[in-house]
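*Asks:* following is a predicted model, sequence given first.
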Amino acid sequence: MRIGILMTGHAPEELISEIGDYPSMFRRLLDGHGFEFQSWAVVDGVFPNSIGDADGWLITGSKHGAYEDHPWIPPLEDFIRDVHASGRPLVGICFGHQVIAQALGGKVEKFAGGWSVGPTVYELEGEQIALNAWHQDQVVELPEGATVIGSSNFCENAALLYGDTILSIQPHPEFNATVIDGLIRIRGNLLPAPIVKRAHETLATPTDNDSFGQRIASFFLAERKG
């Protein structure tokens, strides 16, 4: 199965040699399931020729806001709607989670409650899981057809399911402690000091990256109607 990774951002240049760019993080997360991967840097205006270029699609995180005026966002939204209509599986992470909701009629905004950074506990379908967060923007209004399957006290719409074809989540199952530590070093000065302090102090908290990576893989591989 070929998974198309739509890169809506790049990891900080200073960290690439240490942590890799976003596609390499997702390859590690989804390793062992026989997937082939191909990436397109849509943030740089590089798009697939068609939704048929991959069997399933994944949209990465980004430093940009889904509501910002960038020339690559409207065609990405069109692509999302085409994938949705086709019934091919689509997974969105952080910005990907947000832009999917926006493309399908939801609303994303800069959350008045501030930032969530580092290990965070979510309630996901009756179970508690811990994943690393790095965001201020949130999905604040759901599109038609979206079901909330995960939330936290800070982020009400943290994980969404659209039928059996789209799965999206606000935190980053592809971010391990090394990634968060690097982001704190490079971008921590842009965040409130107490948020950064708390994230740094909890870096060693175990996360459920592997189990959520398994969930993403199973979602891609699931048989679907039609």
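*Replies:* Yep, that arrived.
*Asks:* any stretches of this structure with poor pLDDT?
*Replies:* 226 (pLDDT under 70).
*Asks:* so which helix or strand takes in residue 140?
*Replies:* Using DSSP states H and E, residue 140 sits within strand 137-141.
*Asks:* now for that strand, which elements pack on it?
*Replies:* helix 95-103, strand 107-110 (3 or more C-beta pairs under 8 Å, 6 or more residues apart in numbering; DSSP states H and E). Just so you know, the C-beta spots here come from the backbone N, C-alpha and C atoms, and that holds for glycine as well.
*Asks:* closest one to residue 194 among the ones you listed?
*Replies:* strand 107-110 (18.6 Å; C-beta to C-beta).
*Asks:* other SSEs contacting the closest one?
*Replies:* helix 95-103, strand 137-141.
*Asks:* turn these into TSV, columns for mean neighbour count.
*Replies:* Formatted as TSV, these follow (neighbours: other C-beta atoms under 10 Å):
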stretch	mean neighbour count
helix 95-103	26
strand 137-141	20
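*Asks:* quick one, which of those gets closest to residue 116.
*Replies:* strand 137-141 (8.9 Å).
*Asks:* return the alpha-carbon coordinates of the closest one using CSV.
*Replies:* Extracted in CSV, the C-alpha atoms of strand 137-141 (Å, rounded to 0.1, in the frame of the first residue of the first chain):
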residue,chain,number,x,y,z
ASP,A,137,-4.8,26.5,17.1
GLN,A,138,-7.8,24.2,17.5
VAL,A,139,-10.9,23.0,15.7
VAL,A,140,-13.6,24.9,17.4
GLU,A,141,-16.6,24.0,15.2
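*Asks:* thinking residue 108 is in contact with residue 68, fair?
*Replies:* No - with contact defined as C-beta atoms under 8 Å, residue 108 does not count as touching residue 68 (10.0 Å).
*Asks:* neighbour count: the two, which is higher?
*Replies:* Ranked by neighbour count (other C-beta atoms under 10 Å), residue 108 and residue 68 place residue 108 first, with 21 against 9.
*Asks:* for residue 137, see how far away the more buried one is.
*Replies:* Using C-beta to C-beta, to the nearest Å, residue 108 is found at 6 Å from residue 137.
*Asks:* overlap of the contact sets of these two?
*Replies:* Common contact partners of residue 108 and residue 137 (C-beta atoms under 8 Å, 6 or more residues apart in numbering): 65, 66, 67, 98.
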